[in-house]
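Q: what would the 3D arrangement of this be:
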Amino acid sequence: MEAVLSFILVIGVLIVVHEMGHFLVARKFGVKIEKFSIGFGPKIFSRTVGETEYRLAWIPLGGYVKMLGENDPEQVSPEERDRSFSALPVSKRMAIAAAGPVANFILAFFLFTAVFWVGIPVLEPVVGKVLPKSPAQMAGLMPGDKILSVNGIPLSSWNDLRKQIETRAGKTLHVIVKRGNVALPVEIVPRSEIGSDLYGEKVPQGKIGVAPQGEIRQVRYGLFDGLGKGFLKTVNVTRITFVSLYKILTGAISSKNLGGPILIAQMSAKAAKSGVVNLLIFMGFISVTLGVMNLLPVPVLDGGHMLFLAAEGILRRPLSIRVRELSMQVGFVILLTIMVFAFYNDLMRLFGTR
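A: Presented below is the predicted three-dimensional model:
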């Protein structure tokens with residue numbers, strides 16, 4: 001039950017923000033909004049405010065904003081034509097289509113920024129375990145040692161240490177270690193081992209044979225530093241998401257990494273249990289993923305609509321209804337296939353076969 005409630009909270013917020021992006025930009029351009037729906041399928045309830053029907057539907061896997069003249073421009077009455085989506089120039093229609101994903105990126109930026117303001121958990125570079133016959137043991141490292149710097153570069157987290165080691169297999173590292181109240185110089189030569197990179201690919205990495213102690217501290221940033229960190233985090237997560245999708249599509253990494261609603265529900269429940277900060281971080285990652293997925297040039301997604309509009313701008317006329325209908329059908333099949341495959345992966349993980 002907790003997983004379901006966490007899923008509804010996380011996905012609900014992201015869908016509302018996404019559709020609100022479309023809604024606000026369309027209203028800015030004077031388009032009549034007929035429906036604003038959170039969810040698909042039969043409605044749970046609806047209420048009409050002004051000229052717009054606001055709906056909550058049973059299937060919480062998306063939403064939509066129905067605009068006048070979006071799908072049937074020929075059915076728009078002459079007196080309302082100026083308020084129809086189809087009457088807008090291509091550039092404004094493209095802005096409306098892009099507004100949903102952009103809203104998700106903006107939300108992720110504010111979520112990550114809030115985390116940096118509140119305090120982000122950082123794992124201290126303190127050794128908790130030294131493996132036998134490892135480079136660390138041969139160099140004399142001991143549990144409880146705090147690693148202050150590598151090759152003159154100060155460390156503030158265990159992640160900083162990992163980055164310095166993984167790229168320097170076979171090279172001598174000049175390390176400063178704090179043991180008690182004494183700073184000791186140590187030389188370590190990482191050995192090359194096969195490990196997993198950020199995308200799950202097997203690559204050679206430098207290893208010294210240590211594990212962290214697990215000591216965590218909260219690092220808080222000021223107003224402008226937090227904004228800068230939040231922006232960089234959003235850009236970095238966006239880049240990683242695009243690269244991960246590309247690697248899945250090209251087969252560089254396994255499609256088994258693709259997750260669906262069950263995985264999101266499980267992860268959102270874990271994030272919620274571990275505290276507000278982790279929940280905000282998780283929501284930021286999912287918001288970026290939603291934004292990136294919707295930018296894919298697949299009909300029925302925002303990226304597909306933008307592709308149609310770009311073609312219209314180049315050809316100086318809309319694509320034929322037949323072409324658009326066929327494209328939408330193909331896009332629906334592609335999207336349905338991805339969703340079914342992601343759900344299958346979720347079930348395999350759930351029953352312990354992956």
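Q: C-alpha from now on. contacts and neighbour counts both.
A: Will do.
Q: can you list the domains in this protein?
A: Recorded structural domains for the chain (assignment: the TED database) are 90-119+222-353, 121-218.
Q: ok, which stretches of the stretch 51-200 of the chain are helices?
A: 90-118, 135-139, 158-166 (DSSP state H, counting those that start in this stretch).
Q: separation between Glu193 and Ile334?
A: Using C-alpha to C-alpha, to the nearest Å, we find Glu193 at a distance of 39 Å from Ile334.
Q: correction: Leu223
A: Leu223 is 43 Å from Ile334, by C-alpha to C-alpha.
Q: quick one, which of these two is more surrounded?
A: Higher neighbour count among Leu223 and Ile334: Ile334, with 15 against 12, using other C-alpha atoms under 10 Å.
Q: buried sites along stretch 225-232?
A: For stretch 225-232, a neighbour-count test (16 or more other C-alpha atoms under 10 Å) marks 226-231 as buried.
Q: OK, contacts around the residue nearest to Val210 when sequence neighbours are not counted?
A: In this structure, Val210 finds its nearest non-sequential neighbour in Val130, 4.7 Å apart by C-alpha to C-alpha, 6 or more residues apart in numbering. Taking C-alpha atoms under 8 Å, 6 or more residues apart in numbering as the criterion, Val130 is in contact with 136-137, 141-143, 209-211.
Q: what of Gly30?
A: The contact partners of Gly30, taken as C-alpha under 8 Å, 6+ apart, are Arg83.
Q: hmm, try it at 10 Å
A: By C-alpha atoms under 10 Å, 6 or more residues apart in numbering, the residues touching Gly30 are 24, 82-85, 88.
Q: can you pull out the helices in the stretch 201-350 of the chain?
A: 223-250, 261-273, 276-295, 302-315, 321-350.
Q: nearest to Val115, out of these?
A: In terms of C-alpha to C-alpha, the element of the helices of the stretch 201-350 of the chain nearest to Val115 is helix 276-295, at 5.9 Å.
Q: and Gly39, what element?
A: strand 33-49 (DSSP states H and E).
Q: from the contact counts, what lies against that strand?
A: helix 2-28, strand 52-67 (3 or more C-alpha pairs under 10 Å, 6 or more residues apart in numbering; DSSP states H and E).
Q: out of the buried residues of stretch 225-232, which is nearest to Ile321?
A: Proximity of the buried residues of stretch 225-232 to Ile321 (C-alpha to C-alpha) peaks at Phe231, which lies at 40.6 Å.
Q: give me the neighbour count for the residue nearest to Phe242 when sequence neighbours are not counted.
A: In this structure, Phe242 finds its nearest non-sequential neighbour in Val292, 7.0 Å apart by C-alpha to C-alpha, 6+ apart. The number of residues packed near Val292 is 20, by other C-alpha under 10 Å.
Q: identify the residues contacting Val292.
A: Residues in contact with Val292 (C-alpha under 10 Å, 6+ apart) are 101-102, 104-105, 238-239, 241-242, 245, 286, 303.
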